[in-house]
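Colleague: Structure for this input, please:
(one chain, ligands or ions: 1)
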Amino acid sequence: MKPLLKWAGGKHKLAGRIDDAFGGRCGGTYVEPFVGSGAVFFHRRARGEVGEAVLADANDKLVALHVAIRDAVDDVLAELERLPVEDYREVYYEVREAFNAGPHTGPRHAARFLWLNRAGFNGLYRENRSGAYNVPVGRYAQVRMPDEAAFRGVSGLLQGTDLRVAGFVDTVRRAGRGDQVYCDPPYVPLTQSADFTAYCKVPFGLREQRELAREAQRAAFRGATVVLSNHDLPIVRHQLYSRADGFAVVETLPVGRAISRSVNSRKPILEVIARIGPLRQVA
Ligand SMILES: C[S@@+](CC[C@H](N)C(=O)[O-])C[C@H]1O[C@@H](n2cnc3c(N)ncnc32)[C@H](O)[C@@H]1O
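Modeller: You can find the predicted model right below:
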């Protein structure tokens with residue numbers, strides 16, 4: 001089941017491989033501290049791999065969108081009817097302003113969020129330091145929304161989930177014995193100046209990456225299985241998710257983007273999927 005949102009770093013295409021990395025169904029609670037568009041959760045729940053689930057993200061507007069789709073999908077669809085498909089460029093900045101003014105909960109908020117995501121430049125989501133969505137208008141012929149069946153399918157998959165606005169530390173700390181955690185943080189940048197990570201006003205740097213690796217290891221010692229993904233960089237393999245700390249690299253996959261290293265060579269960007277736990281404390 002495809003997510004309703006286009007989301008930078010979204011894992012729709014890799015969801016099957018991430019599912020495999022867990023090695024089986026989740027018998028406890030499935031925990032996603034960086035849920036984003038929900039691609040991995042939707043994939044796993046649609047296959048019956050996941051029952052009870054805690055889905056969290058630091059972006060409050062995003063979590064409110066999932067809540068509205070879970071609890072009031074008819075109202076979201078009705079609100080979307082009020083937004084244009086054809087002459088969207090004329091009203092884009094007006095809708096963006098209304099979205100930023102709030103309120104940031106409920107069906108109207110969710111409809112505006114989805115519409116901006118489909119009408120804005122490249123399906124980007126970016127906030128400035130004050131937390132305002134600031135993506136310019138896109139260049140599409142018209143706004144293409146998923147069909148009603150997709151909305152209802154996603155709403156069905158979200159039923160019974162515990163959706164939370166939270167930083168990753170609080171969420172990972174909820175995981176214990178028998179639980180499965182999938183961590184998909186903003187990528188470690190490929191270069192110092194590259195990469196977009198402004199999903200929300202909270203910055204995510206190397207300090208947070210290290211903190212996440214530490215929390216993943218602690219959850220593993222409590223008896224959870226934690227799968228993480230990130231760019232395949234030496235710092236990720238050898239410092240953040242190192243073998244010495246109990247992590248194992250399960251797979252390396254192309255991300256599907258490429259950067260130019262020189263005029264003639266294009267090197268594919270790789271993504272690493274790592275796993276840790278459950279671990280036993282050595283006495
Ligand atoms: C790579 S995206 C996750 C994509 C998701 N797996 C998907 O398939 O759509 C990273 C997510 O982390 C969230 N995020 C950034 N900083 C965070 C933090 N400190 N705690 C929790 N979530 C955070 C962002 O809002 C973003 O949705």
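Colleague: Run through the residues of the stretch 101-250 of the chain sitting next to the ligand.
Modeller: Residues of the stretch 101-250 of the chain lying close to the ligand by C-beta under 6 Å from any ligand atom are 167-168, 184-186, 199-200, 202, 204, 208. For the C-beta atoms, the positions are set from N, CA and C on the backbone; glycine is no exception.
Colleague: which of the residues you listed sit farthest apart?
Modeller: The span of those, defined through C-beta to C-beta, is set by D184 and V202 at 15.7 Å.
Colleague: more crowded one of the two?
Modeller: Taking other C-beta atoms under 10 Å, D184 and V202 do not tie; D184 has more neighbours (21 against 14).
Colleague: correct me, but that one touches L14?
Modeller: No. Using C-beta atoms under 8 Å, D184 is not in contact with L14; the gap is 9.4 Å.
Colleague: hang on, the earlier thing: are any of the residues of the stretch 101-250 of the chain next to the ligand buried, and if so which?
Modeller: When those are checked for burial by 16 or more other C-beta atoms under 10 Å, the buried set is 168, 184-186, 199-200, 204, 208.
Colleague: Select from the residues you listed every entry located in strands.
Modeller: When these are checked against strands using DSSP state E, none is located there.
Colleague: any idea which of the residues you listed is closest to G131?
Modeller: Minimum distance to G131 across these is 7.3 Å, recorded for C200 (C-beta to C-beta).
Colleague: okay, the residues of the stretch 101-250 of the chain next to the ligand in CSV with pLDDT next?
Modeller: Below are these laid out as CSV (pLDDT from 0 to 100):
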residue, pLDDT
G167, 97
F168, 98
D184, 98
P185, 97
P186, 95
Y199, 71
C200, 65
V202, 68
F204, 91
E208, 96
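Colleague: so where do the strands sit in this structure?
Modeller: Here the chain has its strands, by DSSP E, at 30-32, 53-57, 162-165, 180-183, 225-231, 248-260, 266-276.
Colleague: helices and strands around the third one, which ones?
Modeller: Right, the one you point to is strand 162-165. Here strand 162-165 touches strand 53-57, helix 60-71, going by 3 or more C-beta pairs under 8 Å, 6 or more residues apart in numbering; DSSP states H and E.
Colleague: could the ones you listed go into a markdown table alongside mean pLDDT?
Modeller: As requested, the helices and strands packed on strand 162-165 are exported to a markdown table (pLDDT from 0 to 100):
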| stretch | mean pLDDT |
| --- | --- |
| strand 53-57 | 98 |
| helix 60-71 | 98 |
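Colleague: list the contacts for the closest residue to Y92 other than its chain neighbours?
Modeller: Closest residue in space to Y92, ignoring its immediate chain neighbours: V137 at 4.2 Å, by C-beta to C-beta, 6 or more residues apart in numbering. Counting by C-beta atoms under 8 Å, 6 or more residues apart in numbering, V137 touches 88-89, 92-93, 119-121.
Colleague: Mind giving me the ChimeraX select for these, buried ones only?
Modeller: Provided next is the ChimeraX selection string for whichever of these are buried by 16+ other C-beta under 10 Å:
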select :88,92,119,120
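Colleague: Just the contacts of V137: which are in helices?
Modeller: Of those, the ones assigned to helices by DSSP state H are 88-89, 92-93, 119.
Colleague: quick check, nearest of those to P3?
Modeller: For the ones in helices among the contacts of V137, the closest approach to P3 (C-beta to C-beta) belongs to A119, at 17.1 Å.
Colleague: Arrange the helices and strands packed on strand 162-165 in CSV, one row each, with distance to the ligand as further columns.
Modeller: Output for these, formatted as CSV (distance: least, C-beta to the nearest ligand atom, whole Å):
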stretch, distance to the ligand
strand 53-57, 5
helix 60-71, 6
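Colleague: Mind putting those into a markdown table with mean neighbour count?
Modeller: Below are the helices and strands packed on strand 162-165 laid out as a markdown table (neighbours: other C-beta atoms under 10 Å):
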| stretch | mean neighbour count |
| --- | --- |
| strand 53-57 | 22 |
| helix 60-71 | 21 |
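Colleague: Export the ones you listed to TSV and append columns for distance to R173.
Modeller: Shown next, in TSV, are the helices and strands packed on strand 162-165 (distance: least, C-beta to C-beta, whole Å):
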stretch	distance to R173
strand 53-57	11
helix 60-71	18
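Colleague: which of the residues in the lengthiest helix in the chain are buried?
Modeller: Selection of the longest helix in the chain by residue count, based on DSSP H, yields helix 206-221. For helix 206-221, burial by neighbour count (16+ other C-beta under 10 Å) applies to 208-209, 212-213, 215-220.
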